[in-house]
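A.B. asks: sequence first, predicted coordinates after that:
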Amino acid sequence: MMGLYGRWMDGWERKLATRDTNRVVRPFDWGADWLSSLEFPAFPAHTNGNSKDCVARFVSDVLADSDRYYSYAPVQDYRLDGNRLTFTSPVQSRYTENNTVHAQWFPAENDQGRVLIVLPQWNSGTDGHVGLAKLLNRFGISALRMTMAYHAERKPAETARADYHVSSNVGRTIHAGRQSVLDTRACVDWLEAKGYQRIGILGTSLGSCVAFITTAHDPRIKTGIFNHVSMHFADVVWTGLSTQNVAQGFNGNVTQEELRRYWSVISPASYLERLQGRDLKSLLIWASHDSTFLPEYSRQVLVRFKELNLPHEVFNLPCGHYTTGQFPFNLIDGLTMCRFAARTL
């Protein structure tokens, strides 16, 4: 039963969640054409005329060889203008704006070779986590803040939000997840070319999911800070307060369990075993009153880390998802992440 504090926090969460009035319910689509465009493996957009079977086959093939799926050709056109880094995404989409990756570079004085790639939350604007990057600088850590696919500068003009990264188009959401992961790995390449070897990653919400998968497929990452955690991408979308409009778009076409399978290729649950035996230090942050990454799903991550004997620390925020960005919780969260990075990277 929710106590007084819990009811107050829930009300605050819902107030913050309803500030945006530009959410739309988009139609359901299997999005098999988005998967066939990846040529992994090469197959027609409709297997025997059945898009559902096409997606199911694709998922099985990816899970059998995720190293191949999350591989990419090296980027050749990095451009640093002031503190603005741009380059062509290793994954091409149908939208010109989205095919250029944007990142902001915040070098710290005497960083001793320590750097974090910072991935903000879903629908973050151009200023998202810039303050956190500057706070990391004060702890002697450089930061490269990357814009994920379909966000901010990469958002197609036809969209008001980053809907194409998370939507009821199953295949496009998978495609976007892969693009953000490979864009992040390309950022690791750029940092490595600059001489950095003590490289970490910090992801929040959707950024946390991308950070998990990137870390699992890139052993160059030595520290992982996962700010809001969940095992399955589908569970968050299906039950989260912030994704109710997305869930409505499925409109009886799939169940939560089925969607969990289809989106397993962009879910941390599928890749945590890859972290075993790694020299990786992880911080898992979850919130007791989270209405988007429900606590039951966050606890699954904590349990799985223990089962796999993965070195990690846990920090629990006494707030919700949206309220993490409000004072004093934003300060608590930021300082916790910066101190962990300074101590482990």
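C.D. replies: That came through, no problem.
A.B. asks: element containing Phe212, please.
C.D. replies: Assigned by DSSP states H and E, Phe212 belongs to helix 206-217.
A.B. asks: elements contacting that helix?
C.D. replies: Using 3 or more Cβ pairs under 8 Å, 6 or more residues apart in numbering; DSSP states H and E as the contact criterion, the elements in contact with helix 206-217 are strand 114-119, helix 170-193, strand 198-204, strand 221-227. All C-beta atoms are positioned from the backbone trio N, CA, C, and that covers glycine.
A.B. asks: so where do the strands sit in this structure?
C.D. replies: 79-81, 84-88, 100-106, 114-119, 142-146, 198-204, 221-227, 281-287, 312-317 (DSSP state E).
A.B. asks: could those be laid out in JSON lines, adding mean pLDDT, distance to Lys15 and mean neighbour count?
C.D. replies: Below are these laid out as JSON lines (pLDDT from 0 to 100; distance: least, Cβ to Cβ, whole Å; neighbours: other Cβ atoms under 10 Å):
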{"stretch": "strand 79-81", "mean pLDDT": "98", "distance to Lys15": "40", "mean neighbour count": "10"}
{"stretch": "strand 84-88", "mean pLDDT": "98", "distance to Lys15": "35", "mean neighbour count": "16"}
{"stretch": "strand 100-106", "mean pLDDT": "98", "distance to Lys15": "30", "mean neighbour count": "21"}
{"stretch": "strand 114-119", "mean pLDDT": "98", "distance to Lys15": "26", "mean neighbour count": "28"}
{"stretch": "strand 142-146", "mean pLDDT": "98", "distance to Lys15": "28", "mean neighbour count": "26"}
{"stretch": "strand 198-204", "mean pLDDT": "98", "distance to Lys15": "20", "mean neighbour count": "26"}
{"stretch": "strand 221-227", "mean pLDDT": "98", "distance to Lys15": "22", "mean neighbour count": "24"}
{"stretch": "strand 281-287", "mean pLDDT": "98", "distance to Lys15": "16", "mean neighbour count": "22"}
{"stretch": "strand 312-317", "mean pLDDT": "98", "distance to Lys15": "18", "mean neighbour count": "16"}
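A.B. asks: using CSV, lay out these together with distance to Gly325.
C.D. replies: Shown next, in CSV, are those (distance: least, Cβ to Cβ, whole Å):
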stretch, distance to Gly325
strand 79-81, 29
strand 84-88, 24
strand 100-106, 19
strand 114-119, 15
strand 142-146, 16
strand 198-204, 9
strand 221-227, 11
strand 281-287, 11
strand 312-317, 11
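A.B. asks: for Leu135, find the nearest of these.
C.D. replies: strand 142-146 (8.8 Å; Cβ to Cβ).
A.B. asks: for the closest one, packing partners?
C.D. replies: strand 100-106, strand 114-119, helix 130-138, helix 170-193.
A.B. asks: ok so, going back, which among the helices and strands packed on helix 206-217 is found nearest to Asn251?
C.D. replies: helix 170-193 (12.9 Å).
A.B. asks: out of the helices and strands packed on strand 142-146, which is closest to Ala269?
C.D. replies: helix 170-193 (13.5 Å).
A.B. asks: so which bits of the closest one are buried?
C.D. replies: 170-191 (16 or more other Cβ atoms under 10 Å).
A.B. asks: cool, and stretch 244-255?
C.D. replies: So stretch 244-255, judged by 16+ other Cβ under 10 Å, has buried residues 246-247, 249-250, 254.
A.B. asks: again, but for stretch 127-134
C.D. replies: For stretch 127-134, burial by neighbour count (16+ other Cβ under 10 Å) applies to 128-130, 132-133.
A.B. asks: now stretch 155-170: how far from the chain's centre is it?
C.D. replies: 15 Å (Cα atoms, centre = their mean, to the nearest Å).
A.B. asks: now the buried residues of stretch 127-134 as CSV including distance to Arg274 and pLDDT?
C.D. replies: Formatted as CSV, the buried residues of stretch 127-134 follow (distance: Cβ to Cβ, whole Å; pLDDT from 0 to 100):
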residue, distance to Arg274, pLDDT
Gly128, 28, 91
His129, 26, 96
Val130, 31, 97
Leu132, 27, 98
Ala133, 28, 98
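A.B. asks: ok, the residues you listed vs Glu158, which is closest?
C.D. replies: Nearest to Glu158 among these, with distances taken as Cβ to Cβ, is Gly128, at 21.5 Å.
A.B. asks: for that closest one, give me its contacts.
C.D. replies: By Cβ atoms under 8 Å, 6 or more residues apart in numbering, the residues touching Gly128 are 120-121, 145, 152.
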